[in-house]
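# with the sequence up front, the predicted model follows.
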Amino acid sequence: MSDKYERLLDYLSQSDTRVTAAELAEHLGVTTRSVRSYVTAAKAAAHPLSIISSSTNGYRLNREAYTAFASGGHGRDGDTPRDRVHHLVRRLTEAPDGLDVHTLADSLYVSESTIETDLRKVKALGEEAGLRLTRTGSVVRLTGTEAEYRRVLSKIFRTESAQGFLELETVQREFVSEDLGVFKTALIAELEEQGYFVNEYGVNSVLLHVAIAVDRVIRRPVPTIPDPSPLADTPMSSALAQLTRTHFDVELDRTDLDYLSKLLTTRVVTPGQNEPVQSVIDNYVVPEHLDTVRRIVGQVGEEYLLDLDDETFMVRFALHVGNLIARAQDNSYSRNPLVKSIKTSYPMIYDVAVFIASQIQREKSITINDDEISYIAMHLGSHLERQSRHEERLTVAIVSPGYYDMHDILRQNIERTLGDEVTVEVVVTRTDVAWSDFSTDLVLTTIAVKGAGDNVVVIQPFFTESDAENVRRAASRLRRHRRRIRIKDDLLRYFDEGLFLRNVSAPDEASMIRLLGDLMLEQGIIDESYVAGAIEREALSSTAFTESIAVPHAMSMSASRTSIAIAVNETAMPWGENRVNVIALIAFSSSGRASFQTTFDQFVEVFADRAEVLELIRRSTGFSEFIEELVRVIDK
């Protein structure tokens, strides 16, 4: 039950409006009656905080109360099932002689049957870390090595929320008395002083390991198993020793310092800040990793027509690849809290990252998960953003009746304020204006115009910030309208009535891909290898880019023409960690490489609004109705 209502709370946390029981049921794959049970359970767990408001229009999260509940500041230890399990793990790791079940039940104000249920979950968590839960009468013990104890403590304190950020306050409350934030500040300053780039997304996870190490030394000073080949003293390990001594009054042994240094090296820092590229190559880059990156950059250029052939990018990425390989070989991946938002907002960049990951893991015989793929996407996105030009400036005509030099002053103010966004092509100083004669994108006028179109913006003679905002909004509307026209023109070319299915079921992702692939095979659009490639791509990382749609596809562009086979289902099916109603198998031809990014991103964008998608599904009783609804959603 706790897992279900936590998924419900997570879904509600992503919506700013009320969510109906039907939508929640669809997302969770349960009945609306079960949804009501989960809501009741969530409210009971959070009492006296009111975390969910209910009405005839659905459910909404009360964010302030939910934040207090999620932070654990709402009551005693063990208020929720997950809290109790974590509390039990923590106490058992500190009690080598075991704990009495009756005493545990009394201390947590729950029944013994509840404790027994919680202990089954403790057993499962412990086994994942290599620990064993044993029992003698009413006394239970969690037995294992010190490394295994630390592994399970680390696991249970990694947040499982959609946002994924590990809260330092939570770690500090559980493990250390000093200000962990102050320690973090000092550590980052020291790392930057040593010439490292610091990955803020990974540093809190390493700080968790620091806190656990400090806590275990204080509470249970049992030496860890010595590393048979400890590392030599390094500036990083020396800095860690000094900082933990200063901030926590604890002397960490050599094994701990070596382990924490390794975590920092592979998860948090990249060397070569403020150094020339050649110096980074000479001192830090493994030549084999740089060779791998150069080969992959060439493949990306051929497959996706993306220019990544930049020495600085390749060198920095080679350093990242080296750390990635080390993490994968240790099966110790770096958590990325932005996985979901990157997949949803930048599907094409994410897909190129999947391609790159597939090449690396094939060459290095490792496995790369979604978190690590997202870090690759961040490298790509950062580089492509630096490469990309600003959107094309819009052309502007200014209408400002002549009065001394006011029209010149107005033009200067507009160009100073909006110079990066618009180009002034003409200034009209007359009052008898032929409005239909303007060919510019926007017309900015100090004269009120009756029945003016969306491209006409009335401004003040002395251009204000409010005027600037009005112009920006008009420009945004215009760009959006043009983009939507392009989306409609592009997408509608790729649909065919023979590639449309409604309310079809399949037991799993591979079966659905084969079902849609068969439609394309019949028309000679693809061959069997494309279907196999799409299934292989799906195994690398789920193509459910939003809560509504999955977009399976192969990484090769071998189709005879670019086409989309689509299934529109009223009942959602599981797809990765999501449940989706729309499955669109996209096949790209080699001649469609240039349009790949635009088409792919646009398609995901159209299906990003779940409420709109559900309405589209309801109304799409056939192919013609689907096309009509798709146009309606695009044009809205």
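Now that the structure is in, tell me what you want to look at.

# what score does residue 519 have for pLDDT?
Here the pLDDT value assigned to residue 519 is 97.

# can you check residue 16 too?
At residue 16, pLDDT is 77.

# tell me which element it falls in.
For residue 16, there is no enclosing helix or strand under DSSP states H and E.

# which residues does residue 501 contact?
Neighbour list for residue 501: 515, 516, 519, 565, 566, 567, 568 [criterion: Cβ atoms under 8 Å, 6 or more residues apart in numbering]. The way it works is simple: take the backbone N, C-alpha and C, and place the C-beta from them, glycine included.

# among those, the buried ones, what's the ChimeraX command?
Entered in ChimeraX, the line below selects the buried ones among the contacts of residue 501, by 16 or more other Cβ atoms under 10 Å:
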select :515,516,519,565,566,567,568
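
# could I get the contacts of residue 501 as CSV with secondary structure and distance to residue 53?
Output for the contacts of residue 501, formatted as CSV (DSSP: H, G, I helix; E, B strand; the rest coil; distance: Cβ to Cβ, whole Å):
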residue, secondary structure, distance to residue 53
515, helix, 41
516, helix, 41
519, helix, 45
565, strand, 42
566, strand, 37
567, strand, 36
568, strand, 33
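
# which among the contacts of residue 501 gets closest to residue 65?
Set against residue 65, the nearest of these by Cβ to Cβ is residue 568 (37.9 Å).

# could you double-check that that closest one sits in contact with residue 580?
No: the criterion here is Cβ atoms under 8 Å, and residue 568 misses it with residue 580 at 10.7 Å.

# how many other residues sit next to residue 603?
Using other Cβ atoms under 10 Å, residue 603 has 22 neighbouring residues.

# residue contacts, it?
491, 551, 564, 584, 586.

# and the residues you listed, which two are furthest apart?
Across the contacts of residue 603, no pair lies farther apart than 491 and 551, at 12.3 Å, counting by Cβ to Cβ.

# these two: which is more packed in?
Neighbour tally, residue 491 and residue 551, criterion other Cβ under 10 Å: the higher count belongs to residue 551, 22 against 18.

# that one against residue 599, yeah?
No: counting by Cβ under 8 Å, residue 551 does not reach residue 599; the two are 10.6 Å apart.

# common neighbours of the two, please.
Here residue 551 and residue 599 share the contacting residues residue 586, scored by Cβ under 8 Å, 6+ apart.

# for residue 134, give me phi and psi.
Dihedral pair for residue 134: phi -120, psi 160, per degrees, to the nearest 10.

# on the pLDDT front, check it for me.
94.

# and what of residue 165?
pLDDT recorded at residue 165 is 54.

# who touches stretch 60-67?
9, 12-13, 15, 17-19, 46, 49-53.

# helices of the stretch 351-500 of the chain, start to end?
370-387, 406-418, 465-492 (DSSP state H, counting those that start in this stretch).

# give the rounded mean pLDDT of the first one.
Per-residue pLDDT over helix 370-387 has a mean of 87.

# show residues contacting that helix.
Helix 370-387 is contacted from outside by 306-308, 310, 313, 316-317, 320, 324, 327-328, 333-336, 338-339, 342-343, 346, 349-350, 352-354, 356-357, 540-542, using Cβ under 8 Å, 6+ apart.

# just the CA atoms of it, as PDB, please.
C-alpha atoms of helix 370-387 as PDB (Å, rounded to 0.1, in the frame of the first residue of the first chain):
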ATOM      1  CA  ASP A 370      19.000   5.900 -17.600                       C
ATOM      2  CA  ASP A 371      20.700   8.100 -15.000                       C
ATOM      3  CA  GLU A 372      24.000   7.900 -16.800                       C
ATOM      4  CA  ILE A 373      22.400   8.300 -20.200                       C
ATOM      5  CA  SER A 374      20.900  11.600 -18.900                       C
ATOM      6  CA  TYR A 375      24.300  12.800 -17.900                       C
ATOM      7  CA  ILE A 376      25.500  12.100 -21.500                       C
ATOM      8  CA  ALA A 377      22.400  14.100 -22.700                       C
ATOM      9  CA  MET A 378      23.500  17.000 -20.500                       C
ATOM     10  CA  HIS A 379      26.900  17.000 -22.100                       C
ATOM     11  CA  LEU A 380      25.300  17.000 -25.500                       C
ATOM     12  CA  GLY A 381      22.700  19.600 -24.700                       C
ATOM     13  CA  SER A 382      25.300  22.000 -23.200                       C
ATOM     14  CA  HIS A 383      27.500  21.700 -26.300                       C
ATOM     15  CA  LEU A 384      24.600  22.100 -28.800                       C
ATOM     16  CA  GLU A 385      23.300  25.100 -26.900                       C
ATOM     17  CA  ARG A 386      26.600  26.800 -27.100                       C
ATOM     18  CA  GLN A 387      26.700  26.000 -30.800                       C
END
